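[1] next comes the sequence, and after it the predicted model I'd like to discuss.
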Amino acid sequence: MTHYKPLIEQISAKISAKIKEYQTQPSANRSFVLYGPPLSGKTLIAKEVTKRLEGKYIDLLKDKLSVLNPKLGLYTPLNFKRDISSWAKETDSLLVIDEIEALLDTWIKDQQEDLLKLLSGLSGRMHSPVLISSRIVLPYEDFISKDRIFRVS
């Protein structure tokens, strides 16, 4: 793992710089997606970006204490949107949500699209949310500009 550290730091620095660049823009469409196949380094990069930007990292599968992680199958889009909107109003921290597909897979397509629309138009003090996904085919491209989607492979 240690031999990957310089590469992870380099990629994280580029992504962090891009996120900072968009913070000065209006709130609309400031979401980012980091995606790639399993074991490609998404989580390591996300944790480094979170550390660099002093944000909050949440792993939807592992972070059992997270407000965003009651039983995922029972967590409705309305509750999730409410929690994300509250976060946006209460803090200016970056929010990184890892394993987002664990939640999205419990919802129908319209609910997934509603979430992506919400994330692309969030207003408030929050930095851009970063979603991390292992999906290769992305539904995000209709809602998030391509220059805000990072593929790790």
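    That came through fine. Numbers count the residues shown, from 1 in each chain.
[2] helices of this structure, start to end?
    Taking DSSP state H as the test, the helices found in the chain are 5-23, 42-52, 77-90, 100-104, 109-120.
[3] dump these to TSV, plus distance to I58 and mean neighbour count.
    (Each C-beta comes from the backbone N, C-alpha and C, glycine too.) As requested, these are arranged in TSV below (distance: least, Cβ to Cβ, whole Å; neighbours: other Cβ atoms under 10 Å):
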stretch	distance to I58	mean neighbour count
helix 5-23	16	15
helix 42-52	9	20
helix 77-90	10	15
helix 100-104	10	21
helix 109-120	14	17
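[4] low-confidence ranges in the chain?
    Along the chain, the model assigns pLDDT under 70 to residues 1-3, 22-31, 63-75, 92, 119-149.
[5] before we move on, the earlier item: can I get the helices of the chain in CSV with distance to L60?
    CSV is the format used below for those (distance: least, Cβ to Cβ, whole Å):
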stretch, distance to L60
helix 5-23, 20
helix 42-52, 12
helix 77-90, 10
helix 100-104, 5
helix 109-120, 13
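[6] and of those, who's closest to R151?
    helix 42-52 (9.5 Å; Cβ to Cβ).
[7] which outside residues touch that closest one?
    Residues external to helix 42-52 that are found in contact with it (Cβ atoms under 8 Å, 6 or more residues apart in numbering): 4, 8-9, 11-13, 15-16, 19, 34-36, 55-57, 59, 94, 96, 98, 130, 132, 134, 152.
[8] can we see that at 7 Å?
    The set of residues that contact helix 42-52 without belonging to it, under Cβ atoms under 7 Å, 6 or more residues apart in numbering, is 8-9, 11-12, 15-16, 34, 36, 57, 94, 96, 98, 130, 132, 152.
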